[in-house]
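> structural data only, the sequence is not supplied:
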Ligand SMILES: Cc1cc2nc3c(=O)[nH]c(=O)nc-3n(C[C@H](O)[C@H](O)[C@H](O)COP(=O)(O)OP(=O)(O)OC[C@H]3O[C@@H](n4cnc5c(N)ncnc54)[C@H](O)[C@@H]3O)c2cc1C
């Protein structure tokens with residue numbers, strides 16, 4: 001019996017290609033089923049209550065979220081994102097977690113109920129990989145246990161942060177302490193008292209001849225004197241409570257030297273490790289958002305109350321084709337994400353670099369288009385709070401920038417492609433040489449040599 005035959009043949013499993021079904025362990029199948037039931041039965045119906053509680057008190061974890069987090073933790077569903085090679089991991093591969101993340105993506109807050117939300121996910125992975133035992137006990141364990149939240153502080157307003165070699169926030173050592181001075185954008189808004197630790201990247205050795213060794217990372221408790229939340233940043237009008245995004249000033253902030261992660265000048269090593277899986281977690285969740293938006297499109301297309309020109313919206317050929325395009329696109333996006341997750345599982349994050357870039361570029365762009373079409377089906381209401389579509393669209397849009405702009409990924413992919421051009425040129429030159437040989441052997445047509453030259457005119461003669 002093929003391993004896929006043991007996978008239940010109902011939602012969500014039937015959406016997975018056979019090669020993915022074959023790779024799901026019995027443990028993963030059980031967890032995916034639990035997450036599916038969690039999101040369907042506990043979370044989606046609870047959305048309006050969550051919204052109302054957040055509207056009342058945005059910067060406190062709402063009581064409903066708190067209760068869901070406690071139950072999620074008891075059910076063993078916390079931190080599912082942490083890949084199975086970490087001793088602290090609950091045991092899923094990136095591929096298996098991709099199935100869970102898609103389900104969690106059906107709502108903006110669902111991931112948070114299972115401690116699977118950014119930036120804590122990236123921070124937990126960073127701490128699991130690079131922190132020493134004492135740092136892990138002090139920061140990693142409480143964040144993994146959901147007893148505190150964390151923030152990641154890299155981006156700065158006065159430089160192009162997509163090239164972090166330019167970061168200017170200064171870190172310098174004085175005795176047994178590091179002193180930090182600078183201004184940072186994003187990271188969690190520090191209004192929420194549960195956010196207790198920041199992972200900060202700053203410039204510690206500005207004169208090092210190697211620009212990749214000038215920066216370091218520190219663990220900064222949020223209650224350290226000199227850490228000031230200057231203002232809250234909204235993202236296209238959304239504030240994203242209960243964590244949000246903030247502008248933070250660091251003014252003579254002193255932390256003990258033991259809060260240094262891994263070693264001075266090693267921030268890039270750490271940042272690389274942080275961003276692999278974290279970059280595609282967003283993409284995994286976005287596939288879930290697309291599915292939900294698509295379901296809403298199906299509802300509107302068959303809503304008997306809405307009959308322009310006497311027909312259901314879904315009876316217009318143009319709309320039937322739109323639905324088909326969306327279906328095909330969402331399935332293709334899921335395949336991209338699965339493929340990348342599996343590459344990371346089998347060959348490591350470094351080998352997954354191209355797949356990560358592919359997801360980071362393709363998924364949010366395509367998702368924004370799909371969600372936009374779904375909004376269109378809903379007419380004016382599609383742009384209002386009567387649907388979650390505007391918020392979903394905003395999420396897809398912001399992922400084009402968060403964790404690094406897609407342009408930077410395009411730059412990397414394009415640069416690697418250009419590097420492959422000489423080998424391509426050489427191969428095409430070989431076609432020409434072989435064609436010349438064939439022309440000599442089978443010179444059936446007058447002027448065949450000239451025709452051969454014409455056909456490979458585009459290949460430079462080396
Ligand atoms: C919702 C949200 C959450 C975020 N969360 C965090 C967080 O938790 N912590 C944190 O530190 N930061 C966070 N960020 C910030 C984010 O990581 C940065 O905005 C991003 O890395 C880009 O840096 P920048 O804004 O300085 O833009 P820049 O580096 O100035 O880039 C701006 C533009 O320049 C162009 N560009 C840059 N590089 C290239 C290139 N190689 N080729 C071609 N064009 C290029 C692109 O058009 C790019 O969009 C968040 C951002 C958002 C929107």
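Done, it's in. All values derive from a computational prediction rather than experimental measurement.

> which SS class is residue 183?
strand (DSSP: H, G, I helix; E, B strand; the rest coil).

> ranges for the strands of this protein?
If you assign secondary structure with DSSP state E, the strands in the chain sit at 149-153, 170-174, 177-185, 195-203, 215-221, 227-233, 245-256.

> and the longest one, what's buried?
By neighbour count, with 16 or more other Cβ atoms under 10 Å as the criterion, the buried positions of strand 245-256 are 245, 246, 247, 248, 250, 253, 255. Where you see a C-beta, it was placed from the backbone N, CA and C, and this is true even at glycine.

> which of those residues are close to the ligand?
If you filter the buried residues of strand 245-256 for contact with the ligand, counting by Cβ under 6 Å from any ligand atom, you are left with residue 245.

> how about the nearest residue to the residue most central in space within the chain, chain neighbours excluded?
By Cα atoms, centre = their mean, the chain has its centre lying nearest to residue 282, at 2.7 Å. Nearest residue to residue 282, sequence neighbours excluded (Cβ to Cβ, 6 or more residues apart in numbering): residue 399, at 4.6 Å.

> wait, isn't the one you found in contact with residue 280?
No. With the criterion set as Cβ atoms under 8 Å, residue 399 and residue 280 do not qualify as a contacting pair; they are 10.4 Å apart.

> can you give me the neighbour number for the residue of the stretch 201-350 of the chain found nearest the ligand?
Per Cβ to the nearest ligand atom, residue 235 is where the stretch 201-350 of the chain lies closest to the ligand, at 4.8 Å. Here the count is done by other Cβ atoms under 10 Å, and residue 235 has 16 residues near it.

> got the residues of the stretch 1-150 of the chain near the ligand?
Within the stretch 1-150 of the chain, the positions lying close to the ligand (Cβ under 6 Å from any ligand atom) are residue 119.

> where does the stretch 1-150 of the chain have low pLDDT?
Low-confidence regions of the stretch 1-150 of the chain, defined by pLDDT under 70, span residues 1-2.

> how many other residues sit next to residue 70?
12.

> can you give me the end-to-end span of stretch 311-319?
Distance across stretch 311-319, first residue to last, is 12 Å (Cα to Cα, to the nearest Å).

> how distant is it from the center of its chain?
Remark: stretch 311-319 is offset 34 Å from the chain centroid, using Cα atoms, centre = their mean, to the nearest Å.

> now do stretch 67-83
Averaged over its C-alpha atoms, stretch 67-83 has a centre that lies 19 Å from its chain's centre (Cα atoms, centre = their mean).

> just the buried positions in that stretch, please.
68, 69, 72, 73, 77, 78, 79, 80, 81, 82, 83.

> my guess is the first one contacts residue 44, does it?
Going back to what we said before, that points to residue 68. No. At 12.0 Å, residue 68 and residue 44 do not qualify as touching, with contact defined as Cβ under 8 Å.

> please point out which parts of stretch 433-448 sit buried.
Neighbour counts using 16+ other Cβ under 10 Å place 435, 439, 448 of stretch 433-448 among the buried residues.

> closest to the ligand out of these?
In terms of Cβ to the nearest ligand atom, no member of the buried residues of stretch 433-448 lies closer to the ligand than residue 435, at 38.6 Å.

> ok, the closest one - contacts?
For residue 435, the set of contacting residues under the criterion of Cβ atoms under 8 Å, 6 or more residues apart in numbering consists of 452, 455, 456.

> tally of neighbours for the last one?
By other Cβ under 10 Å, 15 other residues sit near residue 456.

> who touches the residue lying closest to it once chain neighbours are set aside in this structure?
The spatial neighbour of residue 456 that comes closest, neighbours along the chain excluded (Cβ to Cβ, 6+ apart), is residue 432 at 3.8 Å. Neighbour list for residue 432: 452, 455, 456, 459 [criterion: Cβ under 8 Å, 6+ apart].

> around the ligand, pick out the residues from the stretch 201-350 of the chain.
Where proximity means Cβ under 6 Å from any ligand atom, the interface of the stretch 201-350 of the chain facing the ligand comprises 235, 245.

> can you do 5 Å?
Applying Cβ under 5 Å from any ligand atom, one finds that the stretch 201-350 of the chain approaches the ligand through residue 235.

> any low-confidence regions in the stretch 201-350 of the chain?
Those would be 275, if you go by pLDDT under 70 across the stretch 201-350 of the chain.

> which stretches of it form helices?
When secondary structure is read from DSSP state H, counting those that start in this stretch, the stretch 201-350 of the chain shows helices at 267-301, 317-347.

> of those helices, which is nearest residue 391?
helix 267-301 (9.3 Å; Cβ to Cβ).

> who are the neighbours of that closest one, in terms of helices and strands?
With contacts defined as 3 or more Cβ pairs under 8 Å, 6 or more residues apart in numbering; DSSP states H and E, the packing partners of helix 267-301 are helix 94-104, helix 120-130, strand 195-203, strand 215-221, helix 317-347, helix 353-377, helix 389-399.
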